[in-house]
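J.: generate coordinates for the sequence data below:
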Amino acid sequence: MRIDSPGLVTDLDLLRLQGSTVTDHGDHLVVRTEANPTFWWGNFVLVQGLPRPDEVARWVARFEAELPEARHRAVAFGAEGGDAGGWAERGWDVEVDVDLSTTSVPVSGDVPDGMRVRRLEHDDDWEQSAQVGGSDTVAGEREDRLVFERRRVAAQRALADSGRARWFGAFDGERLVARLGIVRLGELARYQDVVTLASHRRLGLAAALVRAAGAWAFEDPAVRRLVIVAEDGGPAIGLYRRAGSTEVSRHVGVSRPPA
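T.: Residues are numbered from 1 along each chain as shown. From the prediction side, this is the model:
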């Protein structure tokens, strides 16, 4: 199945590197991540075409047939446009993601005094990364979220250990307050999991991390372009544009949490 979105192409490359399977059925792909079954966008169906109101039942049935153990539901569409109203009417969340790209090292300001940016290296760094990833979770769901985050962090650390990737953190003293990763994928390098604690937002930390990771990615002469994906209308997209990235494509994902 042909996919034009660099965000989706790199999503699939990253999932394969972390042990996921991707099965091509011609007009759709089925993605499975057996090591992390609660990872919604590691266990989903990717449709080549556009969302259409008259095909909701078809793709729900396909998801349930291919991923019968999944409690969530998640379907992505590889092209921009279409009509996702039929999904929204049935109570599904609809998200439009924007693929942004740049061929130069992103720009940023200085890191605030008393803070520093460095790569994640030690066990405590990675555990703090899992904690940061789950920081926005309500109290009753936090333990389940941390199970998910620790599984994902383990896969990320394995990628970093392989030399294909690097995760960076912004530290306030010894406390990790923001983190992101980047993975080299041939000519493309893909940013991953940009998260800043609510207490440390609007300090320029994410921009500093984006720059540090981009500079590291371009140390490999094979890398020609950096790719990052942001939710349309979300708070991060302006940051990436100010750092020098421009929009190249869009795609739609629909999801429903466990009943």
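J.: for Gly234, see how far away the closest residue to Ser245 other than its chain neighbours is.
T.: Excluding the flanking residues, the one nearest Ser245 by Cβ to Cβ, 6 or more residues apart in numbering is Leu100, at 3.8 Å. From N, CA and C alone the C-beta is placed, and that goes for glycine too. To Gly234, Leu100 is 12 Å away according to Cβ to Cβ, to the nearest Å.
J.: who's more crowded, those two?
T.: Remark: of Leu100 and Gly234, Leu100 carries more neighbours, 23 against 13, as counted by other Cβ atoms under 10 Å.
J.: SS state for the residue nearest to Ser245?
T.: strand (DSSP: H, G, I helix; E, B strand; the rest coil).
J.: doesn't Arg242 make contact with it?
T.: No. Leu100 is beyond contact range of Arg242, at 11.2 Å (criterion: Cβ atoms under 8 Å).
J.: hang on, Ala88 in a helix?
T.: Yes. Under three-state DSSP, Ala88 falls within a helix.
J.: from here on, count from 47
T.: OK, 47 is where the count begins now, so the last one is Ala134.
J.: quick one: it and Pro97, what's the gap?
T.: 10 Å.
J.: so which of these two has more stuff around it?
T.: Remark: of Ala134 and Pro97, Pro97 carries more neighbours, 25 against 14, as counted by other Cβ under 10 Å.
J.: part of a strand, is that one?
T.: No. Assignment of Pro97 by three-state DSSP gives coil, placing it outside any strand.
J.: contacting residues around it?
T.: Residues near Pro97 by Cβ atoms under 8 Å, 6 or more residues apart in numbering: 123, 128-130, 132-133, 298, 300.
J.: give me that answer again for 6 Å
T.: 123, 128, 130, 298 (Cβ atoms under 6 Å, 6 or more residues apart in numbering).
J.: ok, which pair from those is furthest apart?
T.: Largest separation among the contacts of Pro97 by Cβ to Cβ: Phe123 and Ala130, giving 8.1 Å.
J.: other residues contacting stretch 212-231?
T.: 56, 59-60, 161-163, 165-166, 174-175, 178, 202, 206, 210-211, 235-243, 246, 251, 255, 258-259, 262-263, 266, 269.
J.: can you select the buried ones from these in PyMOL?
T.: Burial among the contacts of stretch 212-231 is assessed by 16 or more other Cβ atoms under 10 Å; the matching PyMOL selection reads:
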select buried, resi 56+59+60+161+163+166+174+175+178+202+206+210+211+235+236+237+238+239+240+241+242+243+246+251+255+258+259+262+263+269
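J.: looking at the contacts of stretch 212-231, which are in helices?
T.: 56, 59-60, 174-175, 178, 202, 206, 251, 255, 258-259, 262-263 (DSSP state H).
J.: for Ser291, give me phi and psi.
T.: The phi/psi pair for Ser291 (degrees, to the nearest 10) reads phi -90, psi 150.
J.: same check on the one 3 residues further on?
T.: As for Val294, its main-chain torsions (degrees, to the nearest 10) stand at phi -120, psi -20.
J.: with Arg271 as the reference, measure out to it.
T.: Val294 is 9 Å from Arg271, by Cβ to Cβ.
J.: shared neighbours, these two?
T.: Ser147.
J.: out of the contacts of Pro97, which is nearest to Arg188?
T.: Out of these, the member with the shortest distance to Arg188 (by Cβ to Cβ) is Val298, at 29.6 Å.
J.: assumed that closest one was part of a strand.
T.: Yes. Remark: Val298 belongs to a strand, assigned using three-state DSSP.
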